[in-house]
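>>> Quick one, what's the 3D model for this:
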Amino acid sequence: MKKFVYLCGMMLLSMNIMAQIDLNDKNWDTVFIEDFSGNRYWDRHWDDSTGVSGYKPLWRCFHYCLWNSGVIHPKEYYGDFSAYQPCNAVFDSDNTLKLVGSYKSEKCMTCSSEISDTTFLPAPWHKYCHFCDATPQQKYNIHYFSGMIESTDSLGYGYYEIKCKMPIHRGSSDAFWLWSDYGKYEEIDMFEHSFFFCNGNTEKSFISGIFYNPDGTNYHDTIINGVLHHGAFKYARCSYYVPTTSTSLDQYHTYGCLWLPERVAWYFDGVLYNEETDPSHIPQHPMWLKITHYQDSAAILSNNPETWWHETDEMTIDYVKYYRLKTDCDTDLVIRSTFAFQNFNNNPLNYTVKRSITMGGQNTTMVIPNNINFTMRAVDSITIDGAFEVPCGTEMTFITQECPECSQEGLYFNGFCPL
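Numbering: from 1, shown residues only. Purely as a prediction, here's the structure:
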């Protein structure tokens, strides 16, 4: 579909098609700002139920002991020795969430049916928990507890941001990411930090990118009945090095990601550093938002347990934010007078992504008010074709884009992905 911005006449106009997200833009709707404060009476209800008194929590605890992505692999970054547990996701009294990693002796963490005390065995979650004693021949040793949370419901296009600090040592691995498998493997890493990804500079580097399999749910290449089924492709995978003037990653920083149908952009402390603009590389479905902290295989690089990491650490999250664009993509907007624009501009609910926008006075000059800053968005076209005046000090941004709505049937409500 052809998209365009058509301008007629002389005016002062600011156009910024690829601008950094401005959260003062009236097009953006605040879905949640999670600062981990208040009464967390539901923090022990880590499940899919409605929790206490009919309240459905924003987060649930994700836990497993083995992730094999459909095919058995040797120990990898996540390995088979770390277990996510609800008790390791701690809502602290200082209004932060702490994901705690801790070492456990082999005796108490051996994942085997021979263990009568199930205290340390991960509880099942959906279809993704692979029990440690899946077969008598498979006995995996679990050496670490750690914490991970994910959104209770899948979320859609929008802007995501986290403010956090993370432990930096060999074995610590942290991530803020989106994931789904609606018939495809879809993942956006807003950031991922570990010994394996930092090229020796664990204090000031991390990666981001997209892992996307448009043809199936495989993450890895897999051979089935002699036929190779390819795994996820990597797009816009970027190693980012924090500026020398910035503090190391064990101090608070913000990590942001803008996810739209035609563009994914990554931000560190508000600065754009990476983007993907090929729509065929960008996930299309609602995804679950995840925050992960665990000990990867760098914690046990040798076969000598005395050299393993034996401490306790924590990833600390100050807040998580999610904003989305308001949509009305089947409506054409026509504004033909100063009065009509003033009425439109004074109601923030009017700022939605339209199918098309047409502006300009016909019998009189349409005058935009002084010293305002506004953005208008449309899917097909934006046309200015009449008498029009923009005073100095007023900033206008016109953007044509795909309609930022969910593409998965059954997960669509009022133009947005569900909460």
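>>> would you list every one of the strands in the stretch 301-419 of the chain?
Using DSSP state E, counting those that start in this stretch, the strands found in the stretch 301-419 of the chain span residues 312-325, 327-335, 353-359, 366-367, 373-384, 388-389, 395-400.
>>> Adding mean pLDDT and distance to Y103 as columns, could you present those in a markdown table?
Yep, even glycine has a C-beta here, placed from its N, CA and C like the rest. Shown next, in a markdown table, are the strands of the stretch 301-419 of the chain (pLDDT from 0 to 100; distance: least, Cβ to Cβ, whole Å):
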| stretch | mean pLDDT | distance to Y103 |
| --- | --- | --- |
| strand 312-325 | 94 | 7 |
| strand 327-335 | 93 | 48 |
| strand 353-359 | 94 | 49 |
| strand 366-367 | 88 | 68 |
| strand 373-384 | 92 | 50 |
| strand 388-389 | 86 | 67 |
| strand 395-400 | 89 | 50 |
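>>> Is it possible to get CSV of those strands that adds distance to V31?
Below are the strands of the stretch 301-419 of the chain laid out as CSV (distance: least, Cβ to Cβ, whole Å):
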stretch, distance to V31
strand 312-325, 4
strand 327-335, 13
strand 353-359, 16
strand 366-367, 34
strand 373-384, 18
strand 388-389, 34
strand 395-400, 20
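>>> distance of the closest residue to F233 other than its chain neighbours from P279?
What sits nearest to F233 in space, not counting adjacent residues and going by Cβ to Cβ, 6 or more residues apart in numbering, is Y212, at 5.7 Å. Counting by Cβ to Cβ, to the nearest Å, the gap from Y212 to P279 is 11 Å.
>>> related to what we said a few turns ago, the strands of the stretch 301-419 of the chain into a markdown table, with extra columns for mean neighbour count and distance to I149?
A markdown table is the format used below for the strands of the stretch 301-419 of the chain (neighbours: other Cβ atoms under 10 Å; distance: least, Cβ to Cβ, whole Å):
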| stretch | mean neighbour count | distance to I149 |
| --- | --- | --- |
| strand 312-325 | 21 | 9 |
| strand 327-335 | 16 | 28 |
| strand 353-359 | 21 | 30 |
| strand 366-367 | 19 | 50 |
| strand 373-384 | 20 | 32 |
| strand 388-389 | 17 | 50 |
| strand 395-400 | 19 | 33 |
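>>> For I168, which of the ones you listed is the nearest?
Nearest to I168 among these is strand 312-325; the distance by Cβ to Cβ comes to 9.1 Å.
>>> for that closest one, packing partners?
Here strand 312-325 touches strand 28-34, strand 97-103, strand 158-165, strand 288-295, going by 3 or more Cβ pairs under 8 Å, 6 or more residues apart in numbering; DSSP states H and E.
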